[in-house]
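> Sequence unavailable; structure follows:
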């Protein structure tokens, strides 16, 4: 009987170990990669934003240089075409940078949605693990109570056996 109880307790200890390992894995393994990707994309967005600000500054600088030309003298048609060409190049660069930052913003939004979904999945899995642990603890309590009752029965049986043996010995002594 004690061997059976020892086997049950061994199985419960193994189940607790498995539950602990699963809980640790759920908390630490999969959320790290998404967090790193989000940090990388955020850093890329900051870099793109700095590049966009630089392009805006250059465009404003070019525009401010254009105003004194209007006041001083009218540029020739060749100079105007060069200026317009430069402005077109600057506008194209600015447009390209704006598109890159918008696509990176979409990627950040997508990663945020993915992280939210994984976070929800982890919360659900953690809740399930907590429910399983609560059920395991309840069963351990029941088994401990059953074990206590079995011990008490065994002690009662030993007492009855001793009393019976004593009565038989007395009967034998009387008969002799």
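Arrived safely, thanks for sending. All values reported here derive from a predicted model rather than from experimental measurement.
> Burial check on residue 51, number of neighbours?
Here the number of neighbours of residue 51 (other CB atoms under 10 Å) works out to 15. Where you see a C-beta, it was placed from the backbone N, CA and C, and this is true even at glycine.
> how about low-confidence regions in the protein?
Where the chain drops to pLDDT under 70, the residues are 28-34, 66-75.
> Which parts of it are helices?
2-28, 31-72, 77-175 (DSSP state H).
> So which bits of the shortest one are buried?
Which is helix 2-28. 23, 26 (16 or more other CB atoms under 10 Å).
> Centre of the chain to it, how far?
From the chain centre to the centre of helix 2-28 is a distance of 23 Å (CA atoms, centre = their mean, to the nearest Å).
> One more: the longest one?
Here helix 77-175 is found 9 Å from its chain centre; the criterion is CA atoms, centre = their mean.
> Then the second one?
The chain centroid and the centroid of helix 31-72 are separated by 33 Å under CA atoms, centre = their mean.
> from now on call the first residue 390
Taking 390 as the first residue, the last one we looked at is helix 420-461.
> between it and helix 466-564, how big is the angle?
Here the directions of helix 420-461 and helix 466-564 differ by 160 degrees (axes from the mean of the first three to the mean of the last three CA atoms, to 10 degrees).
> Can you name every helix or strand that helix 420-461 contacts?
helix 466-564 (3 or more CB pairs under 8 Å, 6 or more residues apart in numbering; DSSP states H and E).
> Give me the helices and strands touching the helix it packs on, please.
Right, helix 466-564 is packed against helix 391-417, helix 420-461 by 3+ CB pairs under 8 Å, 6+ apart.
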